[in-house]
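J.: Quick check, what structure comes out for this input:
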Amino acid sequence: MNILIRNGWVADGTGNPLYPADVMIEDDRIVAVERLHNAQAARIIDADGKIVCPGFIDCHSHTDWTIHTNPTVQSTIRQGVTTEIVGNCGIGNAPASDLSREYVANRLREYCYEGPITWSTFAEYLDAISRMGTSCNLAWFVSHGAIRESVGIGGSTKSSDVTKEQMGAMKNHVREAMEAGALGLSTGLEYEPGRLASTEEIIGLAKVAGEYDGYYASHLRNYAESLQTAIEEFIEIVNLSGTRGEVSHLNVRYNTGAEEGAWQRAVETIEQARRDGLNIQTDCVGLEDGFGCLAAILPPWVRTGGPERTAKLLQDPKVRSNVRNECDRYWRFIHRGEWDRVHIMQSRQFPEIAGKNFFEIADLWKKDVWDCYFDILVAAGSGLDHLLALALVFTEEHVAEMVRHPLFSLEGDIPSSSLDGPLRDKLPYRPSYAGMIHFLTHHVKEKHTLRSARTQSFTKFVIFKTAQANLNGVVTHVLLVGRKS
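T.: The predicted structure is shown next:
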């Protein structure tokens with residue numbers, strides 16, 4: 001079947017200016033991009049007044065959390081996203097072992113998947129996804145958290161207590177994943193179990209990815225008062241492991257203690273590392289909203305021993321009193337009492353609170369807001385690491401300076417959702433459905449944040465990550481003759 005798209009303005013994804021052209025597609029190939037005045041086709045689409053462009057890349061997605069219940073990835077497909085890079089922030093579904101299957105199952109249950117965890121290796125997991133079929137292309141990182149859990153050390157073991165055999169087993173998991181086609185290794189160093197891992201542990205694992213010209217992508221240890229230290233650790237890991245680097249969502253949360261100019265210094269440090277020969281880039285969300293793990297504000301002493309122990313400790317009023325005074329980390333505005341900024345995304349135990357902020361929950365339950373928080377974590381039990389919240393975390397001015405910067409690509413940083421099925425009432429949030437669209441309508445069309453708005457906007461979606469993630473030849477994100485459509 002051939003398809004003719006007439007009268008559009010072509011943004012070909014290479015950074016070239018827009019130009020008027022028709023696009024002819026035969027079977028799955030682009031065969032012409034030019035004015036085709038007398039051409040006919042089985043299907044003709046009139047694109048008068050519209051832009052014709054390649055599918056977008058979401059360079060940092062968490063759609064792997066919902067893919068089992070939402071293989072059509074409705075919310076991202078509707079925004080024009082056709083490729084998603086997943087397995088980010090050290091959180092993933094493979095590898096899985098008898099030591100970690102229940103941990104993986106707990107997370108996927110939060111997104112309505114009740115099926116068995118039938119895979120063990122990373123390759124087996126990719127095969128399972130391929131057999132299921134998805135509406136978008138997926139490119140995968142292997143996650144540090146899944147690797148740690150699979151060898152039984154999870155969120156309860158510091159690097160100093162990891163045995164030589166456990167470290168060897170983790171390296172073998174990275175190697176197996178890279179040979180199966182993983183892009184590289186991802187970490188989430190503000191979360192369990194990543195925050196227990198030393199720089200040396202991560203370098204050792206990332207070196208295996210580096211042997212395959214892979215990536216090290218990281219949610220840093222800190223995005224507030226210690227951002228510069230976190231950036232320097234990231235650069236050290238990239239340098240000593242021989243990997244390429246991706247700093248995940250280099251956004252600085254407002255009112256969390258970051259020094260004035262912290263973001264600018266972090267960016268300058270990355271630019272200097274690039275001048276020194278390291279291949280490092282970064283990305284950012286295009287909204288002021290961000291999502292994260294509710295349990296991440298808890299102090300380390302209450303997290304030791306795993307989520308079940310944490311939930312048990314939080315039943316004690318004395319522990320609760322101590323924790324209130326020691327939660328000044330991660331979303332530090334919570335410690336300052338700004339609970340109105342935080343909305344529960346989902347809770348299997350309390351579905352009535354989904355979408356509400358904590359002051360609204362406190363009013364509903366007639367309880368102190370901190371007790372509401374602790375009660376939600378206690379009820380989640382072994383699943384408390386998978387409780388997510390949505391918060392107003394960035395200023396519009398900060399988002400604008402990020403999307404304007406040439407080093408930054410655009411990311412969604414959210415699981416895909418759906419207008420029907422079990423996820424309909426689970427993730428009905430703006431980032432799921434409007435992250436990319438908000439960037440185009442607000443920062444491109446209304447605010448003209450980018451100097452050459454229309455051309456630059458499409459490179460934010462396409463150019464950087466196609467080259468950076470070695471996607472050329474695998475998926476098409478340029479609109480050129482001979483490329484797949």
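J.: any idea which helix or strand carries D283?
T.: Per DSSP states H and E, D283 falls inside strand 280-285.
J.: no wait, A209
T.: Using DSSP H and E, A209 maps to helix 199-211.
J.: Which strands and helices lie in contact with that helix?
T.: For helix 199-211, the elements it packs on are helix 144-150, helix 164-180, strand 184-188, strand 215-219, helix 227-241, judged by 3 or more C-beta pairs under 8 Å, 6 or more residues apart in numbering; DSSP states H and E. For every residue, glycine as well, the C-beta is placed using N, CA and C.
J.: Can I get the fourth one in PDB? Just the C-alpha atoms.
T.: This file holds the C-alpha atoms of strand 215-219, laid out as PDB (Å, rounded to 0.1, in the frame of the first residue of the first chain):
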ATOM      1  CA  TYR A 215      26.000   3.900  28.500                       C
ATOM      2  CA  TYR A 216      26.000   4.800  32.100                       C
ATOM      3  CA  ALA A 217      22.700   6.700  32.800                       C
ATOM      4  CA  SER A 218      22.000   7.900  36.300                       C
ATOM      5  CA  HIS A 219      19.500   9.500  38.500                       C
END
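J.: partners of it in the sheet?
T.: Neighbouring strands of strand 215-219 in its sheet, by DSSP bridges, are strand 184-188 (parallel), strand 244-247 (parallel).
J.: now the strands for the stretch 251-400 of the chain?
T.: Secondary structure of the stretch 251-400 of the chain (DSSP state E, counting those that start in this stretch): strands at 280-285, 289-293, 342-344, 388-392.
J.: what's the neighbour count on the nearest residue to V247 once chain neighbours are set aside?
T.: Nearest residue to V247, sequence neighbours excluded (C-beta to C-beta, 6 or more residues apart in numbering): T282, at 4.0 Å. For T282, the neighbour count with other C-beta atoms under 10 Å is 26.
J.: Next: T14.
T.: Using other C-beta under 10 Å, T14 has 16 neighbouring residues.
J.: buried residues in stretch 397-408?
T.: Neighbour-count burial for stretch 397-408 flags 398-400, 402-403, 407-408 (criterion: 16 or more other C-beta atoms under 10 Å).
J.: residues contacting the nearest residue to Y330 once chain neighbours are set aside?
T.: Leaving aside its chain neighbours, Y330 sits nearest to A296 (4.3 Å; criterion: C-beta to C-beta, 6+ apart). The contact partners of A296, by C-beta atoms under 8 Å, 6 or more residues apart in numbering, come to 190-191, 329-331.
J.: run the last query once more with 10 Å
T.: Contact analysis of A296 by C-beta atoms under 10 Å, 6 or more residues apart in numbering lists 188, 190-192, 195, 303, 327, 329-331, 385, 387, 389.
J.: Against D289, how distant is it?
T.: Distance of A296 to D289, given as C-beta to C-beta, to the nearest Å: 17 Å.
J.: burial count for the nearest residue to A217 once chain neighbours are set aside?
T.: Of all residues not flanking A217 in the chain, E246 sits nearest, at 4.1 Å (C-beta to C-beta, 6+ apart). Residues lying near E246 (other C-beta under 10 Å) number 29.
J.: cool, and the one 5 residues further on?
T.: Here the neighbour count serves as a burial measure; for N251 (other C-beta under 10 Å) it reads 24.
J.: Look up how far E201 lies from it.
T.: According to C-beta to C-beta, N251 and E201 sit 26 Å apart.
J.: now E268
T.: Remark: distance between E268 and E201 (C-beta to C-beta) = 28 Å.
J.: between these two, who's got more neighbours?
T.: Neighbour count, other C-beta under 10 Å: between E268 and E201, E201 has more, with 20 against 12.
J.: Give me the domain ranges for this structure.
T.: 2-52, 56-288+394-428, 295-391 (automatic domain parsing).
J.: With mean pLDDT and distance to K447 as new columns, can the ones you listed be given to me in TSV?
T.: Listed next are the domains of the chain as TSV, based on pLDDT from 0 to 100; distance: least, C-beta to C-beta, whole Å:
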stretch	mean pLDDT	distance to K447
domain 2-52	91	18
domain 56-288+394-428	93	7
domain 295-391	93	23
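J.: among the ones you listed, which is the most enclosed?
T.: For those, the largest average neighbour count (mean count of other C-beta atoms under 10 Å) is found in domain 56-288+394-428, namely a mean of 20.
J.: Now do that one: distance to the chain's middle.
T.: Mean C-alpha position of domain 56-288+394-428 versus that of the full chain (C-alpha atoms, centre = their mean, to the nearest Å) differs by 6 Å.
J.: again with stretch 356-364
T.: Using C-alpha atoms, centre = their mean, the mean C-alpha position of stretch 356-364 is found 27 Å from that of the whole chain.
J.: same question, stretch 12-32
T.: Centroid separation between stretch 12-32 and its chain, computed with C-alpha atoms, centre = their mean, is 30 Å.
J.: before we move on, the earlier item: could you export the strands of the stretch 251-400 of the chain as TSV, including distance to F350?
T.: What follows is those, written out as TSV (distance: least, C-beta to C-beta, whole Å):
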stretch	distance to F350
strand 280-285	27
strand 289-293	17
strand 342-344	8
strand 388-392	13
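J.: Which among those strands is found nearest to G482?
T.: Closest of the strands of the stretch 251-400 of the chain to G482 is strand 280-285, at 27.3 Å (criterion: C-beta to C-beta).
J.: Which one of the strands of the stretch 251-400 of the chain lies nearest to I91?
T.: Across those (criterion: C-beta to C-beta), the nearest stretch is strand 289-293, sitting at 9.0 Å.
J.: And the closest one, what does it pack against?
T.: Where contact means 3 or more C-beta pairs under 10 Å, 6 or more residues apart in numbering; DSSP states H and E, strand 289-293 is packed against strand 342-344, strand 388-392, helix 430-438.
J.: okay, the ones you listed in CSV with distance to A262 next?
T.: Listed next are those as CSV, based on distance: least, C-beta to C-beta, whole Å:
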stretch, distance to A262
strand 342-344, 22
strand 388-392, 19
helix 430-438, 24
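J.: Out of the ones you listed, flag the one nearest A105.
T.: strand 388-392 (17.0 Å).
J.: Return the set of residues that bridge with the closest residue to C89 other than its chain neighbours.
T.: With sequence-adjacent residues excluded and distances taken as C-beta to C-beta, 6+ apart, C89 is closest to G188, at 3.8 Å. Beta bridges link G188 to H219, judged by DSSP bridges.
J.: Am I right that G188 is in contact with H249?
T.: No. Taking C-beta atoms under 10 Å as the definition, G188 is not a contact partner of H249, at 11.1 Å.
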